[in-house]
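Participant: coordinates only, sequence not included:
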């Protein structure tokens, strides 16, 4: 079974530029998550989708971050404009079910963003 | 907010020895706990999980112990191998919607 796919794997941009990340979850997984992982810290949830609806975006900096999951499959996360403190690894995860509190999340390899 | 801490930031262990990684959590409502392993340059990888109605669960070379009374869980790795070198995260569920609270992680270094 194919895992969670993410692209690009690495991205370097200058501050105030825009960037987008793409995630393809495991086939059939209803729930998709975007996390931000700053160096030396654990992943922090940015947004959670169930199918194509947002369940939780309370920690998403909405003035600059946006995410969508059209058709309930692939998802994109965008940052516009980027700041230096956005340098981090952006992880996508998916889980099979929707609305279940004991469903394993499977992570992709992440996109490492460096903002100069 | 959730406070999740690990007692030892770095654990150095001799190859072949057993490793124990501890984790304290603060949210008494947490009812599901996952241990993840993250190798350099990779995403977190599921190791083992445990639900609050259990106090012990075993996998291949790994055992998780849960003590809800003191809000503590541990991950035991038997016969630690070089491939076990990684950062380990315990992630209690934050609420009933499968949201996980990750701590900083605990680095395990296996000495050959």
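Facilitator: Cool, got the structure. No experiment lies behind these values; they were computed from the predicted model shown.

Participant: give me the pLDDT value at the residue in chain A positioned nearest to chain B.
Facilitator: When C-beta to the nearest C-beta is the measure, chain A has its nearest residue to chain B at residue A:42, with 3.1 Å between them. Backbone N, C-alpha and C define where each C-beta goes, glycine included. Confidence per residue is given as pLDDT, and for residue A:42 that number is 92.

Participant: what about the closest residue to it other than its chain neighbours, how many residues nearby?
Facilitator: Of all residues not flanking residue A:42 in the chain, residue B:102 sits nearest, at 3.1 Å (C-beta to C-beta, 6 or more residues apart in numbering or on different chains). For residue B:102, the tally of surrounding residues (other C-beta atoms under 10 Å in any protein chain shown) stands at 22.

Participant: element containing residue B:102?
Facilitator: With elements delineated by DSSP states H and E, residue B:102 resides in a region that no helix or strand encompasses.

Participant: gap between it and residue A:105?
Facilitator: Computed as C-beta to C-beta, to the nearest Å, the residue B:102 to residue A:105 distance reads 11 Å.

Participant: which residues of chain A lie near chain B?
Facilitator: Of all the residues in chain A, those in contact range of chain B (C-beta under 8 Å from any C-beta of the partner chain) are A:4, A:31, A:40-45, A:48, A:55-56, A:91, A:93, A:95, A:99-110.

Participant: tell me which of those residues fall in strands.
Facilitator: Secondary-structure check on those using DSSP state E: residues within strands are A:31, A:44-45, A:48, A:55-56, A:91, A:93, A:95, A:106-107.

Participant: ends of stretch A:50-63, how far apart?
Facilitator: 22 Å (C-alpha to C-alpha, to the nearest Å).

Participant: so how far is it from its chain's centroid?
Facilitator: Centroid separation between stretch A:50-63 and its chain, computed with C-alpha atoms, centre = their mean, to the nearest Å, is 10 Å.

Participant: residues in contact with it?
Facilitator: A:30-31, A:44-49, A:67, A:69-72, A:98-99, B:97, B:99 (C-beta atoms under 8 Å, 6 or more residues apart in numbering or on different chains).

Participant: pull out the buried residues from those.
Facilitator: When neighbours are counted using 16 or more other C-beta atoms under 10 Å in any protein chain shown, the contacts of stretch A:50-63 contain these buried positions: A:30-31, A:45-49, A:67, A:69, A:72, A:98, B:97, B:99.

Participant: which residues sit in contact with residue 35?
Facilitator: You didn't say which chain, so I picked chain A. A:43-46, A:90-93, A:107.

Participant: that answer is for a different chain, and I need it for chain B
Facilitator: With the criterion set at C-beta under 8 Å, 6+ apart, residue B:35 makes contact with B:47-49, B:62, B:64, B:75, B:88-91.

Participant: for chain B, what lies in contact range of chain A?
Facilitator: With C-beta under 8 Å from any C-beta as the criterion, chain B meets chain A at residues B:4, B:31-32, B:34, B:36, B:41-46, B:49, B:51, B:89, B:91, B:93, B:95-100, B:102-105.

Participant: try 10 Å
Facilitator: Proximity of chain B to chain A is confined to B:4, B:6, B:9, B:30-34, B:36, B:38, B:41-46, B:49-52, B:87, B:89-91, B:93-105, B:107 under the rule C-beta under 10 Å from any C-beta of the partner chain.

Participant: helices - which of the residues you listed land there?
Facilitator: Cross-referencing the residues of chain B next to chain A with the helices (criterion: DSSP state H) gives no overlap at all.
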